[in-house]
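[1] Just the structure for this:
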Amino acid sequence: MGVLQNFVEQVAAAARESSQAEERSDQNQTVRLVKPLHKNSRLRLNRRTHYLQVALNRTLADAARIISTLPISDRIILEAGTPLIKSEGMQAVRAISNWGSAHFGRPVYVVADLKTMDRGATEVDLATDAGASGVVALGAAPIETLNQFVARCAERGVDSLLDMMNIEFPIEVLAQLKKRPDVVILHRGVDETAFNKEKPIPYAAI
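    Here you go, the predicted model:
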């Protein structure tokens, strides 16, 4: 437990150091990456391993700084966060994949937090082609979309992650699927945490 706590503290300290650093003059410069360095590396999560997921939500420059300060570990997952993807598109996934692989000296596991609500197969293709090893859809999406999403993830060899944010009974959603996702995320959103801290995360349902 002490080793895991020290590991978490190292990553937290690195993130704090990065957020407090002065913005570089190239913060708004477009990063031009044509394709991921490790496309089709097909990294998958190990259910017996505990991971620390580092969410990169702000800017590409901020993401680059945070990645450069992370300790070298195969238990770190890099997340291309929803705000960053909305700002930069799939380029954010490519950049994080490339920078992470260069920093760790090997292909790195990148989650593309697309929060897919429609066009499940199409969005999986976009994220996978950009270098993602895992893709996120929302449990609130239509069942038809989720079935397409999970099936395409399996076809492309990437992990399907289903985010149950604002879903009161996650098992009811899972029971309707043709195939269960690789990962179920029990998630309370940033706004919920800020303005409704009493709202429970539905751990008991699982």
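
[2] Could you pull out the helices in this structure for me?
    Secondary structure of the chain (DSSP state H): helices located at 2-20, 60-69, 82-88, 90-104, 120-129, 143-156, 170-176, 190-195.

[3] now the angle from the longest strand anywhere in the chain to helix 143-156?
    In the chain, with assignment by DSSP state E, the single longest strand is strand 110-116. Angle of strand 110-116 versus helix 143-156, following axes from the mean of the first three to the mean of the last three Cα atoms, to 10 degrees, is 160 degrees.

[4] Quick one: list the elements packing against strand 110-116.
    strand 76-80, helix 82-88, helix 90-104, helix 120-129, strand 134-138, strand 159-163 (3 or more Cβ pairs under 8 Å, 6 or more residues apart in numbering; DSSP states H and E). Any C-beta I mention is one placed from the backbone N, CA and C, and that applies to glycine too.

[5] I'd like to check the angle between the fifth one and strand 159-163, please.
    Read it as strand 134-138. 30 degrees.

[6] Could you do the first one as well?
    With the same axes, to 10 degrees defining the directions, strand 76-80 sits at 70 degrees from strand 159-163.

[7] Strand 76-80 packs against which elements?
    Partner elements for strand 76-80 (3+ Cβ pairs under 8 Å, 6+ apart): strand 52-56, helix 90-104, strand 110-116.

[8] for the longest one, same thing?
    Other elements packing on helix 90-104 under the criterion 3+ Cβ pairs under 8 Å, 6+ apart are helix 60-69, strand 76-80, helix 82-88, strand 110-116, helix 120-129.

[9] quick one: the nearest residue to residue 72 once chain neighbours are set aside and residue 126, what's the gap?
    In this structure, residue 72 finds its nearest non-sequential neighbour in residue 104, 5.8 Å apart by Cβ to Cβ, 6 or more residues apart in numbering. For residue 104, the distance to residue 126 (Cβ to Cβ, to the nearest Å) stands at 24 Å.

[10] what's the answer for residue 82, then?
    In terms of Cβ to Cβ, residue 82 sits 14 Å off from residue 126.

[11] Those two: which is more packed in?
    In this view residue 82 and residue 126 are compared by other Cβ atoms under 10 Å, and residue 126 has more residues nearby, 19 against 16.
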